[in-house]
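J.: build me a model from this:
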Amino acid sequence: MNINVHNVRMFLTGQRSNDVWQLLDDDVTALLACVRTMSGSLRPAALDYLGLEGAVRQLLQHQFGETAIRSSFACAGVARGLGAALEITAYRIVQESIANIAHHASATRVEVRIDGSAGGRLDITVRDNGGGFKQAAEGKARPDHLSSGLSGMRERVELLGGKFSIESSAGQGTCIVATLPLARPCPGA
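T.: Coordinates of the predicted model:
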């Protein structure tokens, strides 16, 4: 589409035609950027090149590297090639958690732990020392700005047969824990 838009320009005459062409060219450029962003969000390339551990390190550096927020990361017992669904879910849990921290928590410290050494499961913990929030029943967040992200994390984890919990209270920080099975049990087993 971009090539065709540029090929048609030589046939245009007059200022109005060129103005319309420029609008179309701007729209195509914006669309291309959107498609690139969407394709990157489906499976971040960092997972393919760096694995889960490297991709999370890169994510933390990108998010907090130039800020006053100190982050720490520990990763143990995580084999390379966990499987696409598991890797993406683990990455997205960390990504959404640290995005919430950066935008809402007023935290000064963030700790991320990924542990696959417990046998048969992958434990993901993201903890901050920020402002926290009051929780509604069943560990669901009350604030509108957090609820859709937390619900999305919970859904991702539960789709893989895992468990998701949130511990938070006003002024006490937040701890998000996701436990994902490394192998999905067979139905009826």
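
J.: compute the number of surrounding residues for residue 107.
T.: The local packing of residue 107 (other C-beta atoms under 10 Å) involves 23 other residues. The C-beta positions use only the backbone N, C-alpha and C, and glycine is treated the same way.

J.: residues of the lengthiest helix in the chain that come out buried?
T.: For the chain, the helix with the greatest residue count under DSSP state H is helix 15-42. Judged by neighbour count (16 or more other C-beta atoms under 10 Å), helix 15-42 contains these buried residues: 21, 28.

J.: likewise stretch 90-110?
T.: Buried positions in stretch 90-110, judged by neighbour count with 16+ other C-beta under 10 Å: 90-98, 100-102, 104-105, 107, 110.

J.: and it, end to end?
T.: Criterion C-alpha to C-alpha, to the nearest Å; first-to-last residue distance in stretch 90-110 is 17 Å.

J.: distance from that stretch to the middle of the chain?
T.: When C-alpha coordinates are averaged (C-alpha atoms, centre = their mean, to the nearest Å), stretch 90-110 and its chain have centres 9 Å apart.

J.: how many residues are close by residue 83?
T.: Close neighbours of residue 83, defined as other C-beta under 10 Å, add up to 12.

J.: same check on residue 52?
T.: Neighbours around residue 52, by other C-beta under 10 Å: 25.

J.: mind listing what's buried in the helix or strand containing it?
T.: Assigned by DSSP states H and E, residue 52 belongs to helix 45-64. By neighbour count on 16+ other C-beta under 10 Å, the buried set for helix 45-64 is 46-47, 50-52, 55-57, 59-60, 63-64.

J.: on that earlier part again, check which helices and strands the longest helix of the chain sits against.
T.: The helices and strands touching helix 15-42, judged by 3 or more C-beta pairs under 8 Å, 6 or more residues apart in numbering; DSSP states H and E, are helix 2-8.

J.: helices or strands up against the helix it packs on?
T.: Helix 2-8 packs on helix 15-42, going by 3+ C-beta pairs under 8 Å, 6+ apart.

J.: gap between the helix or strand of the chain with the lowest mean pLDDT and the chain center?
T.: For the chain, the helix or strand with the lowest mean confidence is helix 144-159, at a mean of 79 (criterion: mean pLDDT, DSSP states H and E). Mean-position distance between helix 144-159 and its chain equals 11 Å (C-alpha atoms, centre = their mean).

J.: ok, how many other residues are close to residue 44?
T.: Residue 44 sits with 19 neighbouring residues when counted by other C-beta under 10 Å.

J.: to clarify, my last question referred to residue 122.
T.: Residue 122 has 25 nearby residues by other C-beta under 10 Å.

J.: cool, and the one 5 residues further on?
T.: Neighbour count of residue 127, defined by other C-beta under 10 Å: 20.

J.: and residue 5, by the same measure?
T.: Neighbour count of residue 5, defined by other C-beta under 10 Å: 14.

J.: that one is in contact with residue 28, isn't it?
T.: Yes: between residue 5 and residue 28 there is a contact at 5.3 Å, judged by C-beta atoms under 8 Å.
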